[in-house]
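Participant: Pasted the sequence and its predicted model underneath.
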Amino acid sequence: MKCALVTGGSRGIGRAVCIRMASMGYHVLVNYKSNRDEADKTISLIKESGGTSELLPFDVSNKIEIQQKLGGWMEANADKAIEVLVNNAGIKDDVLMMWMKDEQWENVLKTNLDSFFYITRLVVNSMLLKRYGRIINVVSLSGIKGLPGQANYSAAKGGVIAATKALAQEVGRRGITVNAVAPGFITTDMTENIPEKDMKAIIPVNRFGTPEEVAYAVGFLASKEAAYITGEVISVNGGLYT
Ligand code: NAP
């Protein structure tokens, strides 16, 4: 059985990615932290569209939990292969750097950057043995451009972009691609306090994006046919930055 692991699959962009992975024929491992009701909804949506999935909750900011829960799943399911890994789970905690507390820096770095390292290191080993894999990291415009109030988040996402490029060069010979997708403003819980009507004037496409539009780019990079694209960052931002 071929699986796609999507972290933060209970809501927003992650949910749309789960649905797309299922439509590509993958059995989807839906990771989340605490929102079981929303994660169950993702599972139902996949089932309704004819796909299969299962819940795999763990806190991506906790390396011990990653080893226990994800490592445990991999050991118990040696017959199943995680062919696609989408590192999507993320948080932001915005404040100007002069007022940023230690915990705000550490939590955002742990959840967005350390998670990439601990999860990917586990999964890439099995991909290397199978000589096939697709790793897609959901980063942000903030990690390319840097945004005020987001020194922690920009640093974390920028770090993931650099690690994406490094890892791509390490594993390219083994049929594994490593890429990133960088959304701009997407309508999800994360942006619920950002007023679209005020912001859309600065976005060339003149609106926020949808989770499905981000999932489409993730699906493209996850396809077998995207084998010659690696170490790349695709922006999905309505033309905001470029
Ligand atoms: P969201 O709606 O807030 O959903 C966040 C998801 O991440 C939820 O499934 C949540 O699980 C999960 N999550 C958070 N912390 C976790 C942890 N410690 N362990 C496991 N799961 C955790 O966010 P979103 O807008 O879809 O964002 C998804 C990704 O896109 C993030 O990496 C974000 O930085 C990035 N992004 C978003 C935007 C945007 O405009 N929305 C723009 C650029 C980049 P629970 O449901 O259990 O809490």
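Facilitator: Okay, I see it.

Participant: and the gap between Arg131 and the ligand?
Facilitator: From Arg131 across to the ligand, the span is 28 Å (CB to the nearest ligand atom, to the nearest Å). From N, CA and C alone the C-beta is placed, and that goes for glycine too.

Participant: List, one by one, the residues from this protein near the ligand.
Facilitator: 7-8, 10-14, 31-35, 38, 59-61, 88-91, 111, 138, 140, 183, 185-186, 188-191 (CB under 6 Å from any ligand atom).

Participant: Just the buried ones from the residues you listed?
Facilitator: 7-8, 10-14, 31-33, 38, 59-61, 88-91, 111, 138, 140, 183, 185-186, 188, 190-191 (16 or more other CB atoms under 10 Å).

Participant: Enumerate the positions of the helix ranked longest in the chain that are buried.
Facilitator: Longest among the helix segments of the chain by residue count, using DSSP state H, is helix 151-171. Of all the residues in helix 151-171, those buried under the rule 16+ other CB under 10 Å are 151-161, 163-165, 167-168, 171.

Participant: Just the ones in strands from the residues of the chain next to the ligand, please.
Facilitator: In strands, defined here by DSSP state E, the members of the residues of the chain next to the ligand are 138, 183.

Participant: In helices, which of the residues of the chain next to the ligand appear?
Facilitator: 12-14, 38.

Participant: any idea which of those residues is closest to the ligand?
Facilitator: Gly12 (2.3 Å; CB to the nearest ligand atom).

Participant: What pLDDT is listed against that closest one?
Facilitator: With respect to pLDDT, Gly12 scores 98.

Participant: Then the one 10 residues further on?
Facilitator: For Ala22, the pLDDT comes out at 98.

Participant: got it, and Thr242?
Facilitator: 55.

Participant: now do Pro211
Facilitator: For Pro211, the predicted pLDDT is 98.

Participant: shift numbering so it begins at 43
Facilitator: In the new count, where the first residue is 43, that last one comes out as Pro253.

Participant: Hmm, it is touching Thr230, no?
Facilitator: Yes - if you go by CB atoms under 8 Å, Pro253 and Thr230 touch, sitting 6.1 Å apart.

Participant: Find the residues that touch each one of these two.
Facilitator: Residues touching both Pro253 and Thr230 (CB atoms under 8 Å, 6 or more residues apart in numbering): 54-55.

Participant: which stretches of this protein have low pLDDT?
Facilitator: Applying pLDDT under 70 to the chain flags the ranges 284.

Participant: the residue most distant from the middle of it, which is it?
Facilitator: Met140 (28.8 Å; CA atoms, centre = their mean).

Participant: correct me, but Gly273 touches Ala210?
Facilitator: Yes - at 3.4 Å, Gly273 counts as touching Ala210 under the criterion of CB under 8 Å.

Participant: what touches both of the two?
Facilitator: 220-221.

Participant: which residues touch Ile108?
Facilitator: Counting by CB under 8 Å, 6+ apart, Ile108 has contacts 100, 102, 157, 160-161, 164.

Participant: Greatest separation within the ones in helices among the residues of the chain next to the ligand: which pair is it?
Facilitator: Ile55 and Glu80 (12.9 Å; CB to CB).

Participant: Grab the CA positions of stretch 115-129 and hand them over as PDB.
Facilitator: In PDB, the C-alpha atoms belonging to stretch 115-129 read as follows (Å, rounded to 0.1, in the frame of the first residue of the first chain):
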ATOM      1  CA  TRP A 115       3.600   3.400  12.900                       C
ATOM      2  CA  MET A 116       6.400   2.700  10.400                       C
ATOM      3  CA  GLU A 117       7.600  -0.300  12.400                       C
ATOM      4  CA  ALA A 118       4.100  -1.700  12.700                       C
ATOM      5  CA  ASN A 119       3.400  -1.200   9.000                       C
ATOM      6  CA  ALA A 120       6.500  -2.400   7.400                       C
ATOM      7  CA  ASP A 121       4.400  -3.600   4.400                       C
ATOM      8  CA  LYS A 122       3.300   0.000   3.700                       C
ATOM      9  CA  ALA A 123       5.500   2.700   2.200                       C
ATOM     10  CA  ILE A 124       5.300   6.400   2.700                       C
ATOM     11  CA  GLU A 125       5.900   7.600  -0.800                       C
ATOM     12  CA  VAL A 126       4.900  11.200  -0.300                       C
ATOM     13  CA  LEU A 127       5.600  13.300   2.800                       C
ATOM     14  CA  VAL A 128       4.000  16.800   3.000                       C
ATOM     15  CA  ASN A 129       5.400  18.800   5.900                       C
END
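
Participant: Nothing else from me, thank you.
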